[in-house]
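Q: Here is my input; please provide its structure:
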Amino acid sequence: MTQPRPPQGPSGRRQATAGGQPDTPSRASQRIAVYPGSFDPIHLGHLDLIERCRGLFDVLYVAVLSNEEKRSLFTVDERLGMIREMVMDYPECRVESFSGLLVDFMDQVGARIVVRGLRAVSDFDYEFQMALMNRKLNSRVETVFMVPKDDLTYVSSRLLKEVCSLGGDLSSFLPDIIWKRLRQRLAPPTESERA
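A: Reported below is the predicted structural model:
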């Protein structure tokens, strides 16, 4: 006799059973994805992809790359803290750091899917090479490419840092709390501060 399948909502996610307890799938049956990056700092383009991933995966790891050779504006711990603030209401999101090979981190957390954002055609060459290399290193790994909202396609952390250092207003590209921290770290002094 077959067991009845648990009820599913419109997104295909399992709902609570009659006893009120959610029917949590085992780790082996969960759709676990990793969204890796430097997130230095996290911006609305990143958050747009995270938000859309919530409907596609049971668990999403936002994985902050710890790379000693890459000079970052914010420390790994600062970036982890900022991202955790942004996703604190998303129970399916986990925020971790990793170093070394992405495929090794994916094995540790039981993930098979890498999520990468594509802003422009110029991103594709690099991302395509990385996707093929990851698949060569671990044949179970698949890469899902996602495109951010139209008004965020040209936004990158590098560009935002450059504009901020020149005094530009980035309030439409960053959550308020991140914009405040970026200004504290980079913005040139105002006239009143110079006096």
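
Q: L73: neighbouring residues, count only.
A: L73 has 18 neighbouring residues, counting by other C-beta atoms under 10 Å. Bear in mind the C-beta positions are built from the backbone N, C-alpha and C, glycine included.

Q: which residues does it contact?
A: 40-41, 161, 182, 185-186 (C-beta atoms under 8 Å, 6 or more residues apart in numbering).

Q: Got phi/psi on it?
A: Backbone torsions for L73, taken as degrees, to the nearest 10, come to phi -70, psi -40.

Q: and if you look at Y90?
A: According to degrees, to the nearest 10, Y90 has phi -110, psi 90.

Q: That one reaches R52, doesn't it?
A: No - at 11.8 Å, Y90 does not count as touching R52 under the criterion of C-beta atoms under 8 Å.

Q: Go through the helix or strand containing E162 and flag the buried ones.
A: Element membership of E162 [criterion: DSSP states H and E] is helix 157-165. By neighbour count on 16 or more other C-beta atoms under 10 Å, the buried set for helix 157-165 is 157, 160-161, 164.

Q: can you redo the residues you listed as CSV with pLDDT?
A: Listed next are the buried residues of helix 157-165 as CSV, based on pLDDT from 0 to 100:
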residue, pLDDT
S157, 92
L160, 92
K161, 92
C164, 91
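
Q: Need the residues you listed in CSV (columns: distance to F57).
A: Listed next are these as CSV, based on distance: C-beta to C-beta, whole Å:
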residue, distance to F57
S157, 23
L160, 27
K161, 29
C164, 32
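
Q: Please identify which helix or strand holds the residue lying closest to L118 once chain neighbours are set aside.
A: Spatial nearest neighbour of L118, excluding adjacent residues (C-beta to C-beta, 6 or more residues apart in numbering): F145 at 5.0 Å. Using DSSP H and E, F145 sits in strand 142-146.

Q: Repeat that for D123.
A: helix 121-137.

Q: CA atoms only: put that helix into PDB for me.
A: The C-alpha trace of helix 121-137 is given here as PDB (Å, rounded to 0.1, in the frame of the first residue of the first chain):
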ATOM      1  CA  VAL A 121      27.000  38.800 -22.000                       C
ATOM      2  CA  SER A 122      30.500  39.600 -20.800                       C
ATOM      3  CA  ASP A 123      29.800  37.600 -17.600                       C
ATOM      4  CA  PHE A 124      28.800  34.500 -19.600                       C
ATOM      5  CA  ASP A 125      32.300  33.500 -20.800                       C
ATOM      6  CA  TYR A 126      33.800  33.400 -17.300                       C
ATOM      7  CA  GLU A 127      30.700  31.800 -15.800                       C
ATOM      8  CA  PHE A 128      30.500  29.200 -18.500                       C
ATOM      9  CA  GLN A 129      34.100  28.200 -17.900                       C
ATOM     10  CA  MET A 130      33.600  28.000 -14.200                       C
ATOM     11  CA  ALA A 131      30.400  25.900 -14.700                       C
ATOM     12  CA  LEU A 132      32.300  23.400 -16.900                       C
ATOM     13  CA  MET A 133      35.200  23.200 -14.500                       C
ATOM     14  CA  ASN A 134      32.900  22.600 -11.500                       C
ATOM     15  CA  ARG A 135      31.100  19.800 -13.400                       C
ATOM     16  CA  LYS A 136      34.500  18.300 -14.300                       C
ATOM     17  CA  LEU A 137      35.600  18.300 -10.700                       C
END
